[in-house]
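>>> Can you look at this prediction? I've put the sequence above it.
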Amino acid sequence: MDVLDRRLVAALQVNPRAAWGEIGRAVGEHERTVARRLQRLIAEGVLRVTAIYDDLRSGHGRPVHLHVQVRPGTSRQVAEALSDRPDTRSVYSLTGAADLGCELVSPSRDRLHDILTTQITEIDGVLQTRTQVVLHTFMTVAEWHAPYLTDQEVAGLRPAPVRNCLPDEDGLSPLEREIAELLAADGRIAFTTIAERLDVSVPTARKRVASLLDRRLLLLRAEVEPALLGLEVEAKLWLKVRPHGLDMVGQTLAAHPNVRYCAATTGTHSVIVQVAVAHEAALYRFLTGVVGPLDEVTDMDVTLITRAYKRGHLHKSGLLTLEKTP
């Protein structure tokens, strides 16, 4: 991708359903240029627009993060077995004590026990797992955009802010679930197509989509490999944080442009942060200049993502990646 491609992708990440003309006006490019470039990236598999549930609020499931240690030589086969599970959202190879990192969404609290104690451990090659249950999400990857836009450009694209004081949980109607599945398959699906497939009126389709997004039950996502955006170093940070500082630390880190994900979890480390930067030196500056000054952080474990097998329920094979030849 060149600089303009990256800026246009960032714009689509801010508002995945924005019309090409809206993006063009926000970033100062002609609508035809925007359409040509973004449609090419989508057609080539570089970019996919999808949607993910806010699992806790929608009742769709209970997200957990797994650290998986595997038998030597089995990392790839275990990663692929995890990726093939419909309940895994992301699967990564990691540096550090754990060989693999996996985000899994259990359909219920009851099912979580069986998944962790039986299904995962039965995968050939799995030696040991460690589980951290998500308690609160400060920032999802669906809300992140590459840091190539000005504040004014972002403001011109960002949809109206969601309402404050949303309930902890809010259910979906049967029709909303059907709409959510269509958006998960194609986040830019036309309202007319939704109406035709579900036998409802176009105004009803438009209203229900707006309701899902305003209530934060569904989050639109423009997915692309960070390396293609020039962010070739991805890291997961596991932080020990004093309880009284959890909210402040989470909100502070979530507001940083290089943070793709931030959540409070159970376990030995209470906050997990995923960061994407251009270079190892930039990661060092993030650790010393952003995390370092936070007095509430008492300990930190840093792991690097060396390969992604699955992101946002999308298999890596469905996304174009950056491969460097020797």
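That came through, no problem. Just so we're clear, the structure is a prediction, and the values are computed from it rather than from any experiment.

>>> residue nearest the centroid of this structure?
Val141 (2.7 Å; CA atoms, centre = their mean).

>>> just checking, Met139 touches Cys262?
Yes. Taking contacts as CB atoms under 8 Å, Met139 lies within contact range of Cys262: 4.4 Å. Bear in mind the C-beta positions are built from the backbone N, C-alpha and C, glycine included.

>>> Now do the shared contacts for these two.
253-254 (CB atoms under 8 Å, 6 or more residues apart in numbering).

>>> Neighbour count: the two, which is higher?
Here Met139 and Cys262 are compared on neighbour count by other CB atoms under 10 Å; more neighbours surround Cys262, at 27 against 20.

>>> so how far is Leu246 from that one?
11 Å (CB to CB, to the nearest Å).

>>> Show me whatever sits in contact with both of those two.
Common neighbours of Cys262 and Leu246 (CB under 8 Å, 6+ apart) are Val271.

>>> now the helix or strand in which Val154 is found: how far from the chain's centre is it?
Under the criterion of DSSP states H and E, Val154 resides in helix 151-157. Counting by CA atoms, centre = their mean, to the nearest Å, helix 151-157 is centred 21 Å from the centre of its parent chain.

>>> Return the set of buried residues in it.
153, 156-157 (16 or more other CB atoms under 10 Å).

>>> Next, format those as JSON lines and append distance to Phe286 and pLDDT.
Shown next, in JSON lines, are those (distance: CB to CB, whole Å; pLDDT from 0 to 100):
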{"residue": "Glu153", "distance to Phe286": "23", "pLDDT": "94"}
{"residue": "Gly156", "distance to Phe286": "28", "pLDDT": "90"}
{"residue": "Leu157", "distance to Phe286": "25", "pLDDT": "93"}
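
>>> And the helices in this protein?
3-14, 20-27, 31-43, 55-58, 75-83, 109-114, 151-157, 174-185, 191-198, 202-214, 246-254, 280-286 (DSSP state H).

>>> just these: most buried one?
Highest mean neighbour count of those: helix 3-14, a mean of 22 (counted as mean count of other CB atoms under 10 Å).

>>> C-alpha coordinates for that one, CSV please?
The C-alpha trace of helix 3-14 is given here as CSV (Å, rounded to 0.1, in the frame of the first residue of the first chain):
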residue,chain,number,x,y,z
VAL,A,3,0.4,6.5,1.6
LEU,A,4,-3.0,7.3,0.0
ASP,A,5,-4.1,3.6,0.3
ARG,A,6,-3.3,3.6,4.0
ARG,A,7,-5.1,6.9,4.6
LEU,A,8,-8.2,5.6,2.7
VAL,A,9,-8.1,2.3,4.7
ALA,A,10,-7.9,4.3,7.9
ALA,A,11,-10.9,6.4,6.8
LEU,A,12,-12.9,3.2,6.2
GLN,A,13,-11.8,1.9,9.6
VAL,A,14,-13.3,5.0,11.2
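
>>> Name the surrounding residues that touch it.
1, 18, 23, 26-27, 29, 33-34, 37-38, 41, 47, 49, 144-149, 153-154, 157-158, 221-222, 224, 229-230.

>>> cutoff 6 Å now
23, 27, 34, 37-38, 145-146, 148-149, 154, 157-158, 222, 224, 229 (CB atoms under 6 Å, 6 or more residues apart in numbering).

>>> By pLDDT, rank the residues you listed and give me the bottom one.
In terms of pLDDT, the lowest of the contacts of helix 3-14 is Arg158, showing 86.

>>> any idea how far the residue nearest to that one when sequence neighbours are not counted is from Asp199?
Leaving out its chain neighbours, the residue that sits closest to Arg158 by CB to CB, 6 or more residues apart in numbering is Val14, at 5.7 Å. Separation of Val14 from Asp199 (CB to CB): 33 Å.

>>> before we move on, what about Thr303?
Thr303 is 48 Å from Asp199, by CB to CB.

>>> Tell me the one of the buried residues of helix 151-157 nearest His315?
Leu157 (28.7 Å; CB to CB).

>>> got any ranges where the stretch 201-326 of the chain has weak pLDDT?
Counting by pLDDT under 70, the stretch 201-326 of the chain contains low-confidence ranges at 317-326.
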